[in-house]
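Novice: Sequence first, then the predicted structure, then my questions.
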Amino acid sequence: MEKETLIIVGAGAAGLMAARELSGRFDITMLEAQAIAGGRIESIKVDGHTIEAGAEFVHGDLPVTRKLLKEAGLAVSAIAENMYRKVGDELVDDTPTAGWEEMLEKMGSLKEDTNLRDFLDRHYAEDNSTALRQQAISFASGFDLADAETASVHALYKEWSAEEERQFRVVNGYRGLIDYLRENCIAAAAVIRTNATVKTISWEKGKVTVTLASGDSLVADKILVTVPVSLLQKTESVAKISFTPSLDDYEQAAAEIGFGAVLKVVFKFKAPFWEKLNGFIFSEEIFPTWWTQGLSAKEWITGWKGGPEAALLSSQDNESLLDLALASLGNIFDLPVAALRDLLEHAEVFNWQHNPYSRGGYSFSMVGTEAARQLLNEPVAQTIFFAGEALYEGPCPGTVEAALTSGLSAAKKITAASLR
Ligand SMILES: Cc1cc2nc3c(=O)[nH]c(=O)nc-3n(C[C@H](O)[C@H](O)[C@H](O)COP(=O)(O)OP(=O)(O)OC[C@H]3O[C@@H](n4cnc5c(N)ncnc54)[C@H](O)[C@@H]3O)c2cc1C
């Protein structure tokens, strides 16, 4: 019997995971806009060191990611989780802000969901709550890339109250996971076409016709779309896909999922002036968060800025962002920028907002996102399916785990639809 044909748009973690799962049952063609697979997993080698432009940490003992890493024979190493904070002129051990636990309890007992700003205005308006307010807002923007004006308190509570687990890095880079999935897919006869940007999808029940930017077109029985949710929203991008007939309610649902901005800088200095500090450093600087890369890469340090302020800064060019990041680091360590420039051996600036294939970092839940996600997880006429980190409904949103799990869940739905 001839296999059904399936097109998968996007060869990131979600698309590849689904392709691997479905390649025995379907005749699969993956269409990837960029020159290589991986999407928001992008490991770059410099002087033997792996720089992660996108995903870097494995946030705990995540079932799908850890199983896959093990299967692929990819080693992980636990990261140093020391936390420091710049307070006045000093770098001190970071301790939870007074009242944090009570705030979490209040968030947990909130019956009707609201956004973080409204929650803080209602419960923490007094002057003596300033530190707590700031901490909550910087947590939301730093970790979740979320905007306090829209971020769901229910969703933040779920994430912030989860038990902390050890975090890991993939020793030779997250890219190993993508290479492993890609090889599995190719071995199972899936075709992966790169530099293949999908522009339009015309559909009827049981048939899709896809047009690429090159003008080529392809036909299949079903399609799985795994592009970042930002590209399903109304946006200007070469990678924006239009559907005929249009899927207005799906586009509306995509707009109800938050998508955060992020700027990441990676520096190599001739000498590690942060000396014995090994872990995460938090501050009030423009680039507020920094982390070291462990003892095996002690000259490297990474800076991070997420959320609405990162969105505002992202219109600046890379040279200006590099200056701002160096100034932040100089202020934290009381060193003049000129001295830092002399010590600087290598610099990378990753401005994800300028990447037309993601237009930002990763998703966060707004009030109303849950229902929007449910709709996007519903197949259209058993013919169009969606997946990707933003469609994941579990406890670790915005992660590789979220993308892999969503890919698996889409694969189940596609299999079920073909058995009908
Ligand atoms: C800076 C940064 C840091 C992160 N840090 C972490 C971390 O430490 N740990 C963690 O677990 N996660 C992290 N993440 C999140 C993680 O990278 C993502 O959740 C995950 O990689 C998303 O996978 P995906 O398959 O859903 O989407 P993507 O990886 O974005 O894959 C979608 C694919 O679709 C392609 N595409 C887009 N438009 C089209 C089109 N029109 N036609 C064809 N193809 C198209 C894209 O090129 C892309 O390859 C980070 C992300 C960023 C940006």
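Specialist: Yes, it's here. Numbering: from 1, shown residues only.
Novice: show me where the stretch 51-200 of the chain has strands.
Specialist: Secondary structure of the stretch 51-200 of the chain by DSSP state E, counting those that start in this stretch: the strands cover 57-58, 76-78, 82-87, 90-93, 168-170, 191-193, 198-204.
Novice: Now tabulate those in JSON lines and tack on mean neighbour count, distance to the ligand and mean pLDDT.
Specialist: In short, each C-beta sits where N, CA and C put it, glycine included. Shown next, in JSON lines, are these (neighbours: other Cβ atoms under 10 Å; distance: least, Cβ to the nearest ligand atom, whole Å; pLDDT from 0 to 100):
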{"stretch": "strand 57-58", "mean neighbour count": "20", "distance to the ligand": "4", "mean pLDDT": "97"}
{"stretch": "strand 76-78", "mean neighbour count": "13", "distance to the ligand": "12", "mean pLDDT": "94"}
{"stretch": "strand 82-87", "mean neighbour count": "16", "distance to the ligand": "16", "mean pLDDT": "94"}
{"stretch": "strand 90-93", "mean neighbour count": "12", "distance to the ligand": "23", "mean pLDDT": "93"}
{"stretch": "strand 168-170", "mean neighbour count": "22", "distance to the ligand": "9", "mean pLDDT": "95"}
{"stretch": "strand 191-193", "mean neighbour count": "16", "distance to the ligand": "9", "mean pLDDT": "98"}
{"stretch": "strand 198-204", "mean neighbour count": "17", "distance to the ligand": "4", "mean pLDDT": "98"}
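Novice: who in the stretch 1-150 of the chain is up against the ligand?
Specialist: Within the stretch 1-150 of the chain, the residues that sit near the ligand (Cβ under 6 Å from any ligand atom) are 9-15, 31-34, 39-41, 54-57, 59.
Novice: again, only using 8 Å
Specialist: 9-17, 31-34, 37-41, 52-59, 62, 65 (Cβ under 8 Å from any ligand atom).
Novice: Select, out of the strands of the stretch 51-200 of the chain, the one closest to residue 100.
Specialist: Ranking the strands of the stretch 51-200 of the chain by distance to residue 100, with Cβ to Cβ as the measure, places strand 82-87 first at 13.5 Å.
Novice: List the strands paired with the closest one, with their directions.
Specialist: Strand pairing for strand 82-87, using DSSP bridges, gives strand 90-93 (antiparallel), strand 279-282 (parallel).
Novice: Nearest residue to the middle of this protein?
Specialist: Against the mean C-alpha coordinate of the chain, by Cα atoms, centre = their mean, the closest residue is residue 362 at 3.6 Å.
Novice: right, and that residue touches residue 143 too?
Specialist: No: with contact defined as Cβ atoms under 8 Å, residue 362 does not reach residue 143; the gap is 10.6 Å.
Novice: mind checking how far the closest residue in space to the residue nearest to the centre of the chain that isn't next to it in sequence is from residue 220?
Specialist: Nearest non-adjacent residue to residue 362, counting by Cβ to Cβ, 6 or more residues apart in numbering: residue 398, 3.8 Å away. Taking Cβ to Cβ, to the nearest Å as the criterion, residue 398 is separated from residue 220 by 30 Å.
Novice: try residue 81
Specialist: Distance from residue 81 to residue 220, by Cβ to Cβ: 46 Å.
Novice: between those two, who's got more neighbours?
Specialist: For residue 81 versus residue 220, neighbours defined as other Cβ atoms under 10 Å are more numerous around residue 220 (21 against 12).
Novice: so what's the more buried one up against?
Specialist: 5-7, 29, 207-208, 210 (Cβ atoms under 8 Å, 6 or more residues apart in numbering).
Novice: Now it: phi and psi?
Specialist: phi -150, psi 170 (degrees, to the nearest 10).
Novice: now do residue 333
Specialist: phi -100, psi 10.
Novice: Now do the contacts for it.
Specialist: Counted by Cβ under 8 Å, 6+ apart, residue 333 has contacts 273-274.
Novice: Show the model's pLDDT score for it.
Specialist: Note on residue 333: pLDDT of 96.
Novice: same deal with residue 71?
Specialist: Residue 71 is given a pLDDT of 98.
Novice: so how many other residues sit close to it?
Specialist: Neighbour tally, residue 71, other Cβ under 10 Å: 11.
Novice: okay, now residue 43: neighbour count?
Specialist: Neighbour tally, residue 43, other Cβ under 10 Å: 21.
Novice: And it, how close does it get to residue 173?
Specialist: Distance from residue 43 to residue 173, by Cβ to Cβ: 3 Å.
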